[in-house]
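*Asks:* Please work out how this folds:
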Amino acid sequence: EFKPVKPLARHFNALFEGYRTLDDPYKKSKESKSEKNPQEHAQMLFSHMGSMNIPPDSYTLTLLMGLQKDSNEITELWNNVMKLTKLKMEPPIYHSIITAYGKAGDASSACIVFDKMIASNNLNRNRNS
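*Replies:* Numbers count the residues shown, from 1 in each chain. The predicted structure is shown next:
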């Protein structure tokens, strides 16, 4: 007998990985038959994830950052995830945001995020002292 299982973030992450692969020109093996681009599919899936009350994990955010194309989208995603979840800013998240801004050609925003990462690291170090 089939029993439905509530998906976890890792299940969604597998799908996000697929969309990121479709968006990567170096990994493209097949063209998508969809009229929507991988980023639009991932945004719809992320909304669906939220409607199911499934919190994203740090890997979810890093995968989604890899699909963003411009600075405003990066900032909007980052702000939305931080507002809607209790996700802790960890080095891989900072790295993905810095990389996304770099790919979008926004070095100043990448530097701001880097500065926040350094400041956060110093705060955590002082708290542990």
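
*Asks:* for His95, what are its contacts?
*Replies:* With contact taken as CB atoms under 8 Å, 6 or more residues apart in numbering, His95 is in contact with Thr62. (Glycine included, C-beta is placed from N, CA and C.)

*Asks:* Could you pull out the buried residues of the helix or strand harbouring it?
*Replies:* Under the criterion of DSSP states H and E, His95 resides in helix 91-103. When burial is assessed from 16 or more other CB atoms under 10 Å, helix 91-103 yields the following buried residues: Ile93, Tyr94, Ser96, Ile97, Ile98, Thr99, Ala100, Tyr101.

*Asks:* One more: stretch 5-22?
*Replies:* Within stretch 5-22, the residues scored as buried using 16+ other CB under 10 Å are Phe12, Asn13, Leu15, Phe16, Gly18, Tyr19, Arg20, Leu22.

*Asks:* Mind checking which of those residues land in strands?
*Replies:* Filtering the buried residues of stretch 5-22 for membership in strands, criterion DSSP state E, returns an empty set.

*Asks:* Need the worst-confidence member of the residues you listed.
*Replies:* Sorting the buried residues of stretch 5-22 by pLDDT puts Leu22 at the bottom of the list (83).

*Asks:* give me the number of residues near the residue lying closest to that residue once chain neighbours are set aside?
*Replies:* Distances taken as CB to CB, 6 or more residues apart in numbering put Pro38 closest to Leu22, at 4.3 Å, once the chain neighbours are dropped. Neighbour count of Pro38, defined by other CB atoms under 10 Å: 18.

*Asks:* For this structure, which segments count as helices?
*Replies:* When secondary structure is read from DSSP state H, the chain shows helices at 9-23, 38-51, 58-65, 71-84, 91-103, 107-128.

*Asks:* tally of neighbours for Ala104?
*Replies:* 17.

*Asks:* An error on my part: the question was meant for Thr75.
*Replies:* When neighbours are defined as other CB under 10 Å, Thr75 has 17 of them.

*Asks:* Show the contacting residues for the residue nearest to it when sequence neighbours are not counted.
*Replies:* Spatially, and ignoring its direct neighbours in sequence, Thr75 is nearest to Ser109 (7.3 Å; CB to CB, 6+ apart). Ser109 is in contact with Ser71, Ile74, Thr75, Tyr101, counting by CB under 8 Å, 6+ apart.
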